[in-house]
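> from the sequence below, what's the structure:
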Amino acid sequence: MHNLKVGQKIEIYIEKMASEGQGIAKYDGMTVFVEKAIAGEKVQAEVSKVKKDYAVAETIHILEASLYRVEPLCPVYNLCGGCQLQHMSYEGELIFKKNKIEDALKRIGSIEVKVNDVIGMNSPYYYRSKAQYPVATVDGKAVMGFYKERSHEIVPIKECMLQNRQAENIAMEVLEFIKEFNIQVYNENTKQGLIRHIMTRYSKSTGETMVVIVARENNLPHKDELVNRLKKYDGFAGLALNINPQDTNVVLGNKNIFLYGKSRIIESIGGLKYYISPQSFFQVNPIQTEILYSKALEFANLQGDELVIDAYCGVGTISLFLARRAKQVIGIEVVEKAVEDAKENAGLNKISNADFIAGKSEDIMKDLKNRGITPDVIVVDPPRKGCDDAVLDSIIDMAPERIVYVSCNPATLARDLKKLSKKYCIKEVQPVDMFPRTSHIECVVLMTNVKNK
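Numbers count the residues shown, from 1 in each chain. Sure, this is the predicted structure:
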């Protein structure tokens, strides 16, 4: 029986790291998750939470430091929940992320397979092309920033070291406009106020920035003044007002009113162009996105005569990469607006051998199978929850030669690979660091049919 209490200070050795980046230790028989601690360190920590089976503690002093410990560059790192790993060197971060994937495959999937070293960035800062800044009132002043970890308390920021600097300067100008004209910002407790978020979308290929102000109603005072201010910034391409009257954690509402300039911008990845509108899903790291999609294309090993199914195709980003090497690509996506965007992106790139179907992947794949359509390759890029069981069943039933699985969550990847491994052999696992300085990691896996083993 443990005797840990909230507020208690303990000296503890960090045995390993959790998937979200906390250190894991044992104290008095209790598992303790230690924030901002690294495997191999001895730290003094203060207990902040005690549950039946585990406790949480905050690092106070480093008694024996890891070789990978560094001083965080961000001045609000210990407050903001946006990053989890700035106290580690980037070398240490990439090792952690590789271990995270290996651990998930072994522990959840009962899979022991070689995992390649993570493909990282030359510079792991200022890489994000999309930012969503919540806005609130702190000490009587409007501020924008990011939430503290596991809270809705905003940490005001002047510069985020992950965001594109040009886009962030434009966002800061919007904040100054809000303060100068005393425009009321939204209060989550009273449900009153107008401005909820400031969002920016930046194109690395064109240098353009779109600004989206998320408001509770269609009423932005002095909007012409704001447009005139933003026009002074290089790359400012458009201003939209997004209306979100709902009491929800979802940032964007369904309605956009375009106040100035373009309603969408264009990003280029690997020689392909993609439209980006306020609601478009698009990877936030264009440099690493090209690497990730190129690796998926390499794993697909297309010779020009294949039929490829791209399940969870979104706005057709991977589909169009594949279409340049395949005979035909069929993209499937449940979100109808994304399918419309995918068709437009195909037209933008003059690609005619990519078809997009709106619906559930398992339903569409079953229908295709019943019609005698059998793919040579199936690519999946599901959300964090992974593939639905019915999708995995459909994949196995269609029996493609190869499966390329793109994942943003090692845990659900491991779960899904365990099921697919009954009929497929894992050939290669390649992590790509899409989100440096955070605990998140993307991974692309090649599987081949066991009959071709």
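
> what's the mean pLDDT across the longest helix along the chain?
Looking across the chain with DSSP state H, the single longest helix is helix 90-107. Within the predicted structure, the mean pLDDT of helix 90-107 is 97.

> helices and strands around it, which ones?
Under the contact definition 3 or more C-beta pairs under 8 Å, 6 or more residues apart in numbering; DSSP states H and E, helix 90-107 sits against strand 16-17, helix 410-420, strand 424-432. All C-beta atoms are positioned from the backbone trio N, CA, C, and that covers glycine.

> where does pLDDT dip in the stretch 251-400 of the chain?
For the stretch 251-400 of the chain, no stretch is flagged by pLDDT under 70.

> hey, where'd the helices end up in it?
Using DSSP state H, counting those that start in this stretch, the helices of the stretch 251-400 of the chain run over 286-300, 317-323, 336-348, 361-370, 389-398.

> all strands of the stretch 151-300 of the chain, in order?
Assigned by DSSP state E, counting those that start in this stretch, the stretch 151-300 of the chain shows strands spanning 154-156, 195-202, 209-215, 236-243, 255-261, 265-269, 272-276.

> other residues contacting the second one?
So that's strand 195-202. By C-beta atoms under 8 Å, 6 or more residues apart in numbering, the residues outside strand 195-202 that reach it are 129-135, 142, 144, 163-164, 166-168, 170-171, 174-175, 178, 183-186, 208-216, 235, 242, 244, 251-252, 265, 276, 278.

> which of those count as buried?
Judged by neighbour count, with 16 or more other C-beta atoms under 10 Å as the criterion, the buried members of the contacts of strand 195-202 are 129-135, 142, 144, 163-164, 166-168, 170-171, 174-175, 178, 183, 185-186, 208-216, 235, 242, 244, 252, 265, 276, 278.

> relative to A142, how far out is E180?
Relative to A142, E180 is positioned 10 Å away (criterion: C-beta to C-beta, to the nearest Å).

> equivalent analysis for T374, please.
Computed with C-beta to C-beta, the distance linking T374 and A142 is 57 Å.

> sorry, back to before: so which of the strands of the stretch 151-300 of the chain gets nearest V284?
Distances from V284 to each of those were compared using C-beta to C-beta; the shortest belongs to strand 195-202, at 9.3 Å.

> list the residues that contact the residue nearest to H197 when sequence neighbours are not counted.
If the residues on either side of it in the chain are set aside, H197 comes closest to V214, at 3.9 Å by C-beta to C-beta, 6 or more residues apart in numbering. For V214, the residues meeting the contact criterion (C-beta under 8 Å, 6+ apart) are 195-199, 242, 244, 251-253.

> and these, which two are furthest apart?
I198 and G253 (14.6 Å).

> neighbour count: those two, which is higher?
Just comparing I198 and G253: by other C-beta atoms under 10 Å the higher neighbour count belongs to I198, 23 against 18.

> burial count for the nearest residue to K98 once chain neighbours are set aside?
Here the nearest residue to K98 in space, its sequence neighbours aside, is V118; by C-beta to C-beta, 6+ apart that works out to 5.2 Å. One way to gauge burial is a neighbour count; for V118, by other C-beta under 10 Å, it gives 21.

> what residues are up against V118?
Applying C-beta under 8 Å, 6+ apart, the residues near V118 are 94, 97-98, 431-433, 441.

> check the gap between it and K97 for me.
From V118 over to K97 the distance is 5 Å, taken as C-beta to C-beta.

> overlap in contacts of these two?
Between them, V118 and K97 share the contacting residues 431, 433, 441, judged by C-beta under 8 Å, 6+ apart.

> now the nearest residue to M121 once chain neighbours are set aside: how far from V339?
Once flanking residues are discounted, M121 sits nearest to P436: 5.6 Å by C-beta to C-beta, 6+ apart. As judged by C-beta to C-beta, P436 and V339 stand 31 Å apart.

> those two - which one has more neighbours?
Just comparing P436 and V339: by other C-beta under 10 Å the higher neighbour count belongs to P436, 24 against 21.

> tell me the angle the longest helix of the chain makes with helix 410-420.
For helix 90-107 and helix 410-420, the angle between their directions (axes from the mean of the first three to the mean of the last three C-alpha atoms, to 10 degrees) works out to 40 degrees.

> show me what Y13 is bridged to.
When assigned by DSSP bridges, Y13 has beta-bridge partners K42.

> burial count for it?
Here the neighbour count serves as a burial measure; for Y13 (other C-beta under 10 Å) it reads 17.

> now do D234
One way to gauge burial is a neighbour count; for D234, by other C-beta under 10 Å, it gives 10.

> does it touch N169 like I think?
No - if you go by C-beta atoms under 8 Å, D234 and N169 don't touch, sitting 9.7 Å apart.

> excluding its backbone neighbours, what's nearest F236?
For F236, ignoring the flanking residues on the chain, the nearest one in space by C-beta to C-beta, 6+ apart is L230 at 4.8 Å.

> R201 now?
Counting by C-beta to C-beta, 6+ apart, R201 lies nearest to M210, which is 4.5 Å off, once chain neighbours are set aside.

> and the one you found, what is it in contact with?
The contact partners of M210, taken as C-beta under 8 Å, 6+ apart, are 200-202, 237-240, 261-262, 264-265, 276, 278.

> which of those are buried? Put it as a ChimeraX command.
Applied in ChimeraX, the following selects the buried portion of the contacts of M210 according to 16+ other C-beta under 10 Å:
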select :200,201,202,237,238,239,240,261,264,265,276,278
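
> closest one of the contacts of M210 to E333?
Using C-beta to C-beta, I276 is the member of the contacts of M210 that lies nearest E333, at 16.5 Å.

> what's the separation between the residue nearest to K98 and H440?
Applying C-beta to C-beta, one obtains 12 Å for the distance of V118 from H440.

> same question, S407
11 Å.

> more crowded one of the two?
Taking S407 and H440 together and counting by other C-beta under 10 Å, S407 has the greater number of neighbours (27 against 20).

> name the residues of the strand ranked longest in the chain that are buried.
Of all segments of type strand in the chain, defined using DSSP state E, the longest is strand 54-64. Residues of strand 54-64 classed as buried by neighbour count (16+ other C-beta under 10 Å): 55-57, 59, 62.
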